[in-house]
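Chemist: Quick one: sequence plus predicted model below, questions after.
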Amino acid sequence: MRRSKRYQEQIKAVDLNKSYSIEEAVDNLKAAEPKVKIDETVEVSIDLNIDPRKPDQLIRGAVVLPHGTGKTVKVCVICSGEAEKEAKDAGADYVGGKDLIDKISKGWIEFDCMIATPDMMRELSKLGRLLGPRGLMPSPKAGTVTQNVKKAIGEVRAGRVEFKTDKQGCINVGVGKISFSKDKLAENIRFFLERVRELKPQAVKGHLIDGVYVATSMGPGLKVSFS
């Protein structure tokens, strides 16, 4: 695979064979980042000691990062009655019931996160094939199916991140921006890793995490030592 000149320059500044502490990895990412206008996302990839073919070994959850993600998130809330006013007052970008579901079914998807009250899930389930592959379908496990829409919106605004294992048995999420301070990035990364470890399925024997890597959106991945 042909890599860009920029990528090649970044590789020169790091040791891809070394296992770094979280703080060392963040230091290296920040030192290797070229001076560009794009504020790249810092991403964490976790290789898990699971069999992704077995449902009882899959992980899905959410975490509110201590320092947020640095990303502006457009929130859509599917609800009705008094919950609509609550959602609007809490700062949701889009609020509605069946009318908004109909609009989405026709291809309108101009939001980054969807929250729904339990009573709307029957109607919303019709959009599973549309929203599911995009990671936008609300879920009780992720905390996006709830009667307390005010709390859910507040968590999203504060830096709430949803995550789940993919078909390869890995988890990949953005945990902040490269412009964040070293301490804030390191704390976000550590907080996220601890949350994943807390969700270890009972069906998984031995350790849960096989490997951890951090990288910027367009940069090389650095291996992180996390025990």
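Modeler: Good, I have the coordinates.
Chemist: rest of the way, CA atoms for contacts and neighbours
Modeler: OK.
Chemist: And for the longest helix seen in the chain, what's in contact with it?
Modeler: Counting by DSSP state H, the longest helix found in the chain is helix 182-198. Defining contact as Cα atoms under 8 Å, 6 or more residues apart in numbering, one finds that helix 182-198 is touched by 22-23, 26-27, 44, 61, 63, 65-68, 175-178, 208-209.
Chemist: Can you show me the helices along the protein?
Modeler: Going by DSSP H, the chain shows helices at 5-12, 22-32, 82-89, 98-105, 121-124, 128-131, 149-158, 182-198.
Chemist: measure the most far-flung residue of the chain relative to its centre to residue 147 for me?
Modeler: If you look at how far each residue of the chain sits from its centre, by Cα atoms, centre = their mean, the farthest one is residue 81, at 30.1 Å. From residue 81 over to residue 147 the distance is 12 Å, taken as Cα to Cα, to the nearest Å.
Chemist: Kindly report the same for residue 32.
Modeler: Taken as Cα to Cα, the span from residue 32 to residue 147 is 45 Å.
Chemist: out of everything not next to it in sequence, what's closest to residue 137?
Modeler: In this structure, residue 137 finds its nearest non-sequential neighbour in residue 131, 5.1 Å apart by Cα to Cα, 6 or more residues apart in numbering.
Chemist: Find me the pLDDT at that neighbour, would you?
Modeler: For residue 131, the pLDDT comes out at 95.
Chemist: got any ranges where the protein has weak pLDDT?
Modeler: Along the chain, segments meeting pLDDT under 70 span 1-16, 33-36, 227.
Chemist: Which parts of it belong to which domain?
Modeler: If you go by automatic domain parsing, the domain ranges for the chain are 5-69+160-224, 75-157.
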